[in-house]
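Q: Let me see the structure of the following:
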Amino acid sequence: MTFGKGQTLRQFSKYLRDPNERGERIVDAAERNSVIEGLPRLTQRRRQGLLKKLRKVT
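A: Model prediction:
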């Protein structure tokens, strides 16, 4: 599915071009949303595991 012919969000945003920065931002947003829903904060071990899985996917 194509919505347009311009740059993707990843290409446009300087923060999303770097894979490490992108992963950190994704995990941070997921953690904030989870806390809002009443779940506990991520442990360092869980955070590292999620980042590792994100690297495999991308």
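Q: Please name every helix or strand in contact with the helix or strand hosting Q11.
A: Using DSSP states H and E, Q11 sits in helix 9-12. Where contact means 3 or more Cβ pairs under 8 Å, 6 or more residues apart in numbering; DSSP states H and E, helix 9-12 is packed against helix 14-17. No exception for glycine: its C-beta is placed from N, CA and C like everyone else's.
Q: after the helix it packs on comes which helix or strand?
A: helix 19-36.
Q: Now that next one: buried residues?
A: By neighbour count with 16 or more other Cβ atoms under 10 Å, helix 19-36 contains the buried residues 22-23, 27, 31.
Q: that older thread, contacts for the helix holding Q11 next, please.
A: Helix 9-12 has contacts (Cβ atoms under 8 Å, 6 or more residues apart in numbering) with 6, 16-17, 22.
Q: what do you get if the cut-off is 6 Å, keeping everything else the same?
A: Residues outside helix 9-12 that contact it (Cβ atoms under 6 Å, 6 or more residues apart in numbering) are L16.
Q: go on, stretch 13-32?
A: With Cβ under 6 Å, 6+ apart, stretch 13-32 has contacts from 10, 42, 47, 50-51, 54.
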